[in-house]
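> Below is the structure, and that's it, no one-letter string:
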């Protein structure tokens, strides 16, 4: 009897009820088992409960905030757990979509700023082209001015010698020095055509056009022709 009581403590039978299981079987054992089995089944049914009707929405709670959870049937608790899991899943999906959209908005804003910078750069291209063209023309003028200045320096450098030769005898008078500017227009035009697309419409279309324009243009040195001494 003691071993049976220890082994079957979960049955909840009282000492007087266990006495019915003695070897002499003084009591109605079958009735006792049937009664306890029915009570256990009824308690299990009450403990499990019945699934509640579906809520109007995932945000409608099935259990009030002040309810004692240890007094609620299992079916109701499971239904509430399922509702909360679905609600968390919806919130998680919403958060993921929001994160994706936020990332896309950030990327689009960065791309928009880059496009604005490119647009501003393109809008200022015409003015920069004009400025660079003017600077290039001014550089060309400075190059030729440097050539003229070099000629003037050489002329001044050899002028005393030319004066002495002019005042010398007949033999020394036959000696002479000359300072001249030589422009290899053909080679310059050929090098310039390497930088141009001669197929495009414009003043430089076709090979040899640049040389023709250079020959017909006024000398950048003006009327300061190459003197000879």
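Nice, I can see it. Keep in mind the model is a prediction, meaning the values are calculated, not measured. Numbers count the residues shown, from 1 in each chain.

> worst-scoring helix or strand of this protein, pLDDT-wise?
Every helix and strand in the chain was compared by mean pLDDT, DSSP states H and E; the lowest is helix 170-173, with a mean of 72.

> secondary structure element for the spatially most central residue of the chain?
Residue closest to the average C-alpha location in the chain (C-alpha atoms, centre = their mean): residue 107, at 5.5 Å. For residue 107, the element it lies in under DSSP states H and E is helix 74-123.

> Mind giving me the packing neighbours of the following helix or strand past that helix?
Following helix 74-123 in sequence order, the next helix or strand is helix 125-167 (DSSP H and E). For helix 125-167, the helices and strands in contact under the criterion 3 or more C-beta pairs under 8 Å, 6 or more residues apart in numbering; DSSP states H and E are helix 170-173. Quick note: C-beta positions are derived from backbone N, CA and C, even for glycine.

> Give the buried residues for the helix it packs on.
Neighbour-count burial for helix 170-173, with 16 or more other C-beta atoms under 10 Å as criterion, is recorded at no position.

> And the next helix or strand past that helix?
The element immediately downstream of helix 170-173 (helix or strand, assigned by DSSP H and E) is helix 185-193.

> pLDDT weak spots in this structure?
23-27, 47, 55-59, 169, 202, 218-229 (pLDDT under 70).

> Is there a neighbour count for residue 148? I'd like the number.
15 (other C-beta atoms under 10 Å).

> do residue 61 as well
13.

> Against residue 95, how distant is it?
21 Å (C-beta to C-beta, to the nearest Å).

> Equivalent analysis for residue 78, please.
Taking C-beta to C-beta, one finds residue 78 at 26 Å from residue 95.

> Looking at those two, which one has more neighbours?
Of the pair residue 78 and residue 95, residue 78 is the one with more neighbours under other C-beta under 10 Å, namely 14 against 10.

> can you pull the contacts of the more buried one?
residue 51 (C-beta atoms under 8 Å, 6 or more residues apart in numbering).

> before we move on, what about residue 120?
No contacts exist for residue 120 under C-beta under 8 Å, 6+ apart.

> Distance of it relative to residue 77?
When residue 120 is compared with residue 77 (using C-beta to C-beta), they lie 64 Å apart.

> Now residue 44: phi and psi?
Dihedral pair for residue 44: phi -60, psi -40, per degrees, to the nearest 10.

> Report how many residues lie close to it.
As a burial measure, residue 44 scores 10 neighbours (other C-beta under 10 Å).

> That one and residue 8: what is the separation?
Using C-beta to C-beta, residue 44 is found at 17 Å from residue 8.

> do the same with residue 173
Using C-beta to C-beta, we find residue 173 at a distance of 150 Å from residue 8.

> mind listing what the closest residue to residue 50 other than its chain neighbours touches?
Spatial nearest neighbour of residue 50, excluding adjacent residues (C-beta to C-beta, 6 or more residues apart in numbering): residue 75 at 5.7 Å. If you count contacts by C-beta under 8 Å, 6+ apart, residue 75 has them with 48-52.

> cool, and residue 80?
61-63.

> Closest to residue 145 out of those?
Of all those, residue 61 has the smallest distance to residue 145: 91.7 Å, by C-beta to C-beta.

> how about that closest one, secondary structure?
coil (DSSP: H, G, I helix; E, B strand; the rest coil).
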